[in-house]
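Asks: Everything below, folded, please.
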Amino acid sequence: MAQAVRVQGRDSGTAGRDGLAIVVAGGIVLALSFGVRSVFGGVVEPLSAELFGGRIEVFSLSIALQNLVWGLAQPAFGLLADRYGDRRAIWLGFAFYVAGMAVTILGTTAWAQHLGAGVLVGMGISGTAFGTVLAVVGRAAPEAKRAQYLGIASAMGSAGQVVLPLLTAWLIEWLDWRLTLLVIAAALAPMALCIPLLKAKAPAEPAGGATPLSSPSADPPTIDPPAIDPLGRTIAAAFGHGSYLMLAAGFFVCGFHLAFITAHLPTYVQNFCLSTGSAADLRTLGLQALALAGLANIAGTLLAARLGSRFAKPHVLAAIYALRAVVILLFISLPLTPLSVMLFALAMGLLWLSTVPLTSALVLVMFGPRAMGTLFGFVFLSHQLGGFAGVWLGGWIFDRTASYALVWYLAIALGIASAATHLAVREAPAMRPGLAFGG
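Replies: A predicted model of the protein is given here:
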């Protein structure tokens, strides 16, 4: 008996260390992936001035395509990870990311920027961001600590959004936009050291999460091999589940908010802030605001994960979206000053990625971890459709009206709609325990 206890303790300790290594490695990959993508808003003006006669709509479309491709490719990367291994999917994403940055730096035409900053970087983010990385973390985490592990990894991902925009703001004063992006692209290198650590086994449970997450001590039921592909059956069940569809619909708004602000806040501040600073100074202020949002997001994501373990996750999500609408309304109603910009960044940062651990945890609650990569990939596709709409509309409307007002009001309306949608989401397994989907 004593020997058994010692073996069990050793195994538990090893599992704990492995889980910690996966969380840290996953957090670093997320930090680099999100940090690099967050700098594009800082080069919109100089890149557009050199290549497109000052029209920001062209490169805004590139960034919008980036968000769209990121979302469209996410289910494919999730499926690749679920079927052939997480690390293979992440390595592929890393390769796309590096290639995309190279094309962006060397490109001189609109099509080159659409391919580089748009398609290839979008594919790269898809393979190295939430859908694939959080799937590994979710599989590695003990059931009782999944929300906490997902929150820690998501919060670590914000570190890149703190450091890299600040680095870009400093570099762009001394270098042109191409050399600035070259230095930023080099920051992806440490990702290659972390990817080998991202390996986690899926729990032995039926695909579709039939065993409820509220019963971690229950032995997985013994079932006969399914007659059809269990992953395909889980996907079909998800698209027939109302709460899953509402979760995806609500996540559209998160993408709209984050992508629009990330891509256009530096330009908004540069053109409308009441300050005596130069255009370059105000653009730097916008990048500094994004960095502050990333810093505040660390605390906000950890707080949201904790609240999600104490209260109903859909209700916490509804509160987050409602608060976003209030923060945006106050921001555009008050005079735009350097102080109001930083206060807005602080408030939005607390609400920034706090939706992600809660949304991914709800997918786990509904369907279990085995198909997490694929199912979260489809939810994230909705997020990125919102991102495409936010970035593209921002550039299109600004070039035609010289104002972002319509986009800000749309962001407020969408926040209210998403809050209402999440109130209808049920936090429960999608099927009765012990039954495969369709049973």
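Asks: show me where pLDDT drops low in the stretch 101-250 of the chain?
Replies: 143, 147, 200-229 (pLDDT under 70).
Asks: residue boundaries of the helices in it?
Replies: Along the stretch 101-250 of the chain, the stretches classed as helices by DSSP state H, counting those that start in this stretch are 110-113, 121-128, 130-140, 146-174, 177-186, 191-194, 230-238, 242-272.
Asks: Restricting to C-alpha, output the fifth one in PDB.
Replies: So that's helix 177-186. C-alpha atoms of helix 177-186 as PDB (Å, rounded to 0.1, in the frame of the first residue of the first chain):
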ATOM      1  CA  TRP A 177       8.400  50.500 -41.100                       C
ATOM      2  CA  ARG A 178      10.200  47.700 -43.000                       C
ATOM      3  CA  LEU A 179      13.100  47.500 -40.500                       C
ATOM      4  CA  THR A 180      10.700  47.800 -37.600                       C
ATOM      5  CA  LEU A 181       8.700  44.800 -38.800                       C
ATOM      6  CA  LEU A 182      12.000  42.900 -39.400                       C
ATOM      7  CA  VAL A 183      12.900  43.300 -35.700                       C
ATOM      8  CA  ILE A 184       9.400  42.400 -34.600                       C
ATOM      9  CA  ALA A 185       9.400  39.300 -36.800                       C
ATOM     10  CA  ALA A 186      12.700  38.200 -35.100                       C
END
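Asks: Give me the contacts around that helix.
Replies: 36, 39, 43, 46-47, 50, 98, 101-102, 104-105, 164, 167-168, 171-172, 175 (CB atoms under 8 Å, 6 or more residues apart in numbering). C-beta coordinates here come from the backbone N, C-alpha and C atoms, glycine included.
Asks: So what's the residue count around the closest residue to residue 345 other than its chain neighbours?
Replies: Using CB to CB, 6 or more residues apart in numbering and skipping residues adjacent in sequence, the residue nearest residue 345 is residue 289, 3.8 Å away. Using other CB atoms under 10 Å, residue 289 has 25 other residues around it.
Asks: buried ones in stretch 43-57?
Replies: The neighbour-count check on stretch 43-57 (16 or more other CB atoms under 10 Å) flags 43, 44, 45, 46, 47, 48, 51, 56, 57 as buried.
Asks: Also stretch 266-286?
Replies: Those would be 266-273, 281-286, for stretch 266-286 by 16+ other CB under 10 Å.
Asks: could I get the residues you listed as CSV with pLDDT and distance to residue 69?
Replies: Converted to CSV, the buried residues of stretch 266-286 look like this (pLDDT from 0 to 100; distance: CB to CB, whole Å):
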residue, pLDDT, distance to residue 69
266, 89, 22
267, 89, 22
268, 94, 25
269, 94, 27
270, 90, 27
271, 91, 28
272, 93, 30
273, 93, 32
281, 86, 33
282, 88, 30
283, 82, 26
284, 86, 29
285, 91, 30
286, 90, 25
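Asks: got TSV for these, with distance to residue 377 too?
Replies: Output for the buried residues of stretch 266-286, formatted as TSV (distance: CB to CB, whole Å):
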residue	distance to residue 377
266	30
267	31
268	31
269	34
270	35
271	36
272	37
273	38
281	41
282	38
283	34
284	36
285	36
286	31
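Asks: related to what we said a few turns ago, for the helices of the stretch 101-250 of the chain, which one sits closest to residue 419?
Replies: For residue 419, the closest of the helices of the stretch 101-250 of the chain is helix 242-272, at 8.3 Å, according to CB to CB.
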